[in-house]
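Visitor: structure of the sequence below:
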Amino acid sequence: MQAWLMLLLTWTSISLGQGYPTRPIRVVNTVAAGGPAELVGRLLGQKFTEAWGQQVVVDSRPGAGGIIGASLVTRAAADGYTLLLASGATMVFAPLLQKETPYDPLKDFAFVSMIVKSPMVLVAHPSVPARTVSELAAVARAKPGYLNIGSLGTGSTPHLGSELLKLHAGIDIQHVSYKGGVAAVTALVAGEVQLLFNSTATALPHVKAGRLTLLGIGGTRRSTLMPDTPAIAETFPGFEVVTWYGVVAPAKTPPEIVLKLNAETSRALANRELADRLIAQGHEPDPGSPEDMRGYVKSELARWGKIVRAVAKER
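Guide: All right, here's what the predicted structure looks like:
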């Protein structure tokens, strides 16, 4: 009896994978519509639609640091028709910073694939007498507590990036939280704060116009968009501050569907036109296996967990 049951389950799972998808797919975006996350989801969704003939809808469900959208996906049917556009905010920072998160990032999702990693850049107001990260560190050490660094909000990637910089460089700079990216960039350009970690797409126009100074890149290597700008890791080994987006599904989604989604993600990101559009926005295509993505999220939880605990001790 058990052998027949296992055979039936295996046959059903294979059939699901072969027939999938037969209706539109919803990709839940956990931040407001119109931002870089939605763009990434929409561009990838277009490639899925072209390949499978089924519409992919990006459904923005912002709120609570991504918890609202992520929780919605954990409660959805595990059939591949509701996916999450996962990010560091939902899979790493929310679980580390919130007292209670209604999901476990490693247990309540089926990992599909990373899509892109997007190195943040460290920019400064032109009044700061530094053109490199090492020069910045020297200025900060000469005047402890003098420099302010803005962020998009407490617990955001730019905020934790500033804390990571303080630890790596051994400097004292003051964090100032703003309500969103527009407010933070406006404050930096006006000179209300002197430093900010921000996305490449947002920061570069201000750098090119001379309103901001580009000090370094938060990725582990130099960017193809800015090959002459050093990675901060060249000065402080091990430093990395990136935003990232990937695809996950509800736990218990059939493996055949997960692998079909994974294969199509890799195929889509191999498309030169799509890759170029992403790179132009500061994103680096980074597909891989479901196991690769799970391993990355696990390592990020461990890495940022140390930073969060260190910050908590200071307070």
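Visitor: tell me, how many residues neighbour Thr200?
Guide: Around Thr200 there are 25 other residues, counting by other CB atoms under 10 Å. The C-beta positions use only the backbone N, C-alpha and C, and glycine is treated the same way.
Visitor: next secondary structure after the helix or strand bottoming out on mean pLDDT in the chain?
Guide: Of all the helices and strands that make up the chain, helix 2-19 has the lowest average by mean pLDDT, DSSP states H and E, namely a mean of 50. The helix or strand immediately downstream of helix 2-19 is strand 25-29, counting by DSSP states H and E.
Visitor: now for that next one, which elements pack on it?
Guide: In terms of contacts (3 or more CB pairs under 8 Å, 6 or more residues apart in numbering; DSSP states H and E), strand 25-29 is packed against helix 36-52, strand 56-60, helix 67-74, strand 82-87.
Visitor: Thr132: which of these is closest?
Guide: Checking those against Thr132 by CB to CB gives helix 36-52 as the closest, at 26.7 Å.
Visitor: okay, buried residues for the closest one please.
Guide: Of the residues in helix 36-52, those with enough neighbours to count as buried (16 or more other CB atoms under 10 Å) are 36-45, 47-48.
Visitor: and the strands in the stretch 101-250 of the chain?
Guide: With DSSP state E, counting those that start in this stretch, the ranges of strands along the stretch 101-250 of the chain come out as 109-119, 121-124, 148-151, 174-177, 195-198, 213-217, 242-250.
Visitor: tell me the most buried of these?
Guide: Between these, the one whose residues have the most neighbours on average, counting mean count of other CB atoms under 10 Å, is strand 195-198 (a mean of 28).
Visitor: in terms of secondary structure, what does that one contact?
Guide: Counting contacts by 3+ CB pairs under 8 Å, 6+ apart, the secondary-structure elements packed against strand 195-198 are strand 121-124, strand 148-151, helix 157-169, helix 181-190.
Visitor: now tabulate those in a markdown table and tack on distance to Glu284 and mean pLDDT.
Guide: Supplementary listing: those in a markdown table, determined by distance: least, CB to CB, whole Å; pLDDT from 0 to 100:
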| stretch | distance to Glu284 | mean pLDDT |
| --- | --- | --- |
| strand 121-124 | 13 | 98 |
| strand 148-151 | 23 | 96 |
| helix 157-169 | 16 | 93 |
| helix 181-190 | 20 | 93 |
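Visitor: mean neighbour count, those: which tops it?
Guide: Scoring the helices and strands packed on strand 195-198 by mean neighbour count under mean count of other CB under 10 Å gives strand 121-124 as the most buried, with a mean of 26.
Visitor: in its sheet, what does it sit against?
Guide: Each strand paired with strand 121-124, and its direction, by DSSP bridges: strand 195-198 (antiparallel), strand 213-217 (antiparallel).
Visitor: is it possible to export the ones you listed to JSON lines including distance to Leu165 and mean pLDDT?
Guide: Compiled in JSON lines, those are given as follows (distance: least, CB to CB, whole Å; pLDDT from 0 to 100):
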{"stretch": "strand 195-198", "distance to Leu165": "8", "mean pLDDT": "96"}
{"stretch": "strand 213-217", "distance to Leu165": "9", "mean pLDDT": "97"}
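Visitor: contact partners of the biggest helix by length in the chain?
Guide: Scanning the chain for the longest helix, with DSSP state H as the assignment, gives helix 290-314. Contact with helix 290-314 is made by 88, 91-93, 95-97, 105-106, 110-114, 160, 163-164, 167, 246, 248, 258-259, 262, as judged by CB atoms under 8 Å, 6 or more residues apart in numbering.
Visitor: residue ranges with poor pLDDT in this protein?
Guide: Judged against pLDDT under 70, the low-scoring parts of the chain cover residues 1-18, 313-315.
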